[in-house]
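Undergrad: no sequence for this one, just the structure:
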């Protein structure tokens, strides 16, 4: 059984074959200004679409052949918007976990949809047994369990996990981490955490986070990159690994070799199965190293300096979000002399994905946050604001569901200026003098390597590598206008791109796979 997360930014797949898309489903949904939008699929091929809108929970259940089996519109809790933290696919249901805070009391509020019939079930609230002065870090669900994570003033970690017998009941264990040194800035590691689900989107926006959580069996691995530590030189940083063992209630702390960095992070890592990849990028240096996660011994390394060609690339270097007055939003960096400089212009990022046992796809690059301006935040209504995004740490905790960038004028000012409603939006400069000029700049390339020897996979003569993500992006760019509400999720060995067709007031899902013939004409 496998649980699939949605993302606004897309998960990529690479193979050397013909590619096309076809319609999977077109259904009528009352979707206009949805806040949360997430889709889950089970191993049988059933798909559950959820979104919150107009004070109602909305669900649609689709069969493996794209037919709608059930649809619900359910008024929610006296108009209290659910803080959706994570999901799971159990033997019988798609389960959604939400958090509710009332003063000092916090509650877990799960609700579920039957995987076969679409029947809705609301479960009893469970009050969290919290110690005093703990801080909520985030919630996440994997294949087997749902977790909620808190920390206290002594940097102990309070981990809650649902029991095997009841998905709505949480058990607690406290993990002490005396071995791990404190950071120079309080709660620096916790402020940028993201849970890495095996089916998360693979792009630099998610990969640039320097605090990542991975789950495997009964262990939780927390990996931190490039933080300034007390008692350590500010120019010397490393990759830290903190493992929480649920069964024994113990922790272990390990590190990779240190890397000298100055004012900004120059490296980041990503764990895939039993291999930890770490990329280090500077203006005149590029290094990619792979380590055995059990022993932390190096197993493969690629290094390039100066204007040397990065031969591990399987695609050109793309740059998104750097639109100028006379330049397009999406560009390709062709000059070798500019490749390293542009890749090192933001926070390094790396993700690893696979759709075949024999190859891995690496997305490597950097993410640069939106530039700031000096205007009055209440005057510049053209600034970009991100609607609730579960991959950004906000006062609501760790958000792991996709949002979307919209101009601030699309959101009523009493939402953005309200101490209550403003926490639901990612508007980092909205309450200060500096303002973001856009959604940020992503610079990246992809590399396809073998899973066993980590060697670059070369294309056959006369054939170019086919990347499904590129096909999806091309399809999206041809849609006029570009959809405001859009999602991508995995469906077996395929990708599904779902979007709201505002003109026809329908939600359409298009299937992308290697070697399939297109069906139906694309509407413009």
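TA: Sure, I can see it. None of these values were measured; they are calculated from a predicted model.

Undergrad: Could you look up the SS state of residue 78?
TA: helix (DSSP: H, G, I helix; E, B strand; the rest coil).

Undergrad: Run through who's touching stretch 158-167.
TA: Taking contacts as CB atoms under 8 Å, 6 or more residues apart in numbering, the residues outside stretch 158-167 that touch it are 88, 90, 95, 110, 112, 123, 128, 130-131, 134, 145-152, 168-175, 220, 244, 246. Every residue, glycine included, has its C-beta placed from N, CA and C.

Undergrad: Show the buried residues in the residues you listed.
TA: 88, 95, 110, 112, 123, 128, 130, 134, 145-151, 168, 170, 175, 220, 244, 246 (16 or more other CB atoms under 10 Å).

Undergrad: out of those residues, which are inside strands?
TA: Judged by DSSP state E, these include 88, 95, 110, 112, 146-151, 170, 175, 220, 244 as members of strands.

Undergrad: Residue 341: helix or strand, and which one exactly?
TA: When elements are assigned from DSSP states H and E, residue 341 belongs to helix 336-343.

Undergrad: no wait, residue 300
TA: Residue 300 is part of strand 298-305, with elements assigned from DSSP H and E.

Undergrad: Just the buried residues of that strand, please?
TA: In terms of neighbour count (16+ other CB under 10 Å), strand 298-305 has its buried residues at 302, 304.

Undergrad: Could you do stretch 153-160 as well?
TA: Here stretch 153-160 shows 155-160 as buried, counting by 16+ other CB under 10 Å.

Undergrad: what do you get for stretch 338-345?
TA: Those would be 339-340, 342-345, for stretch 338-345 by 16+ other CB under 10 Å.

Undergrad: and the spatially most central residue of the chain, what are its phi and psi?
TA: Per CA atoms, centre = their mean, the C-alpha nearest to the average position across the chain is that of residue 206, at 4.6 Å. Note on residue 206: its backbone torsions stand at phi -80, psi -30 [degrees, to the nearest 10].

Undergrad: hang on, isn't it packed against residue 200?
TA: Yes - at 6.1 Å, residue 206 counts as touching residue 200 under the criterion of CB atoms under 8 Å.

Undergrad: Which elements pack onto the helix holding residue 341?
TA: If you count contacts as 3 or more CB pairs under 8 Å, 6 or more residues apart in numbering; DSSP states H and E, helix 336-343 packs onto strand 275-282, strand 285-292, strand 317-320, strand 359-368, strand 441-450.

Undergrad: Strand 275-282 and the helix or strand following it, what's the angle between them?
TA: On the C-terminal side of helix 336-343, the closest following helix or strand by DSSP H and E is strand 347-356. Taking axes from the mean of the first three to the mean of the last three CA atoms, to 10 degrees, one finds strand 347-356 and strand 275-282 inclined to each other by 140 degrees.

Undergrad: List the buried residues in strand 347-356.
TA: Residues 347-355 are the ones in strand 347-356 that count as buried (16+ other CB under 10 Å).

Undergrad: how about those in CSV, adding distance to residue 75 and pLDDT?
TA: Output for the buried residues of strand 347-356, formatted as CSV (distance: CB to CB, whole Å; pLDDT from 0 to 100):
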residue, distance to residue 75, pLDDT
347, 42, 93
348, 45, 96
349, 41, 95
350, 44, 96
351, 39, 93
352, 42, 92
353, 39, 83
354, 42, 80
355, 41, 69
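
Undergrad: Include distance to residue 41 when you put those residues into a markdown table, please.
TA: What follows is those, written out as a markdown table (distance: CB to CB, whole Å):
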| residue | distance to residue 41 |
| --- | --- |
| 347 | 31 |
| 348 | 32 |
| 349 | 26 |
| 350 | 26 |
| 351 | 21 |
| 352 | 22 |
| 353 | 17 |
| 354 | 18 |
| 355 | 15 |
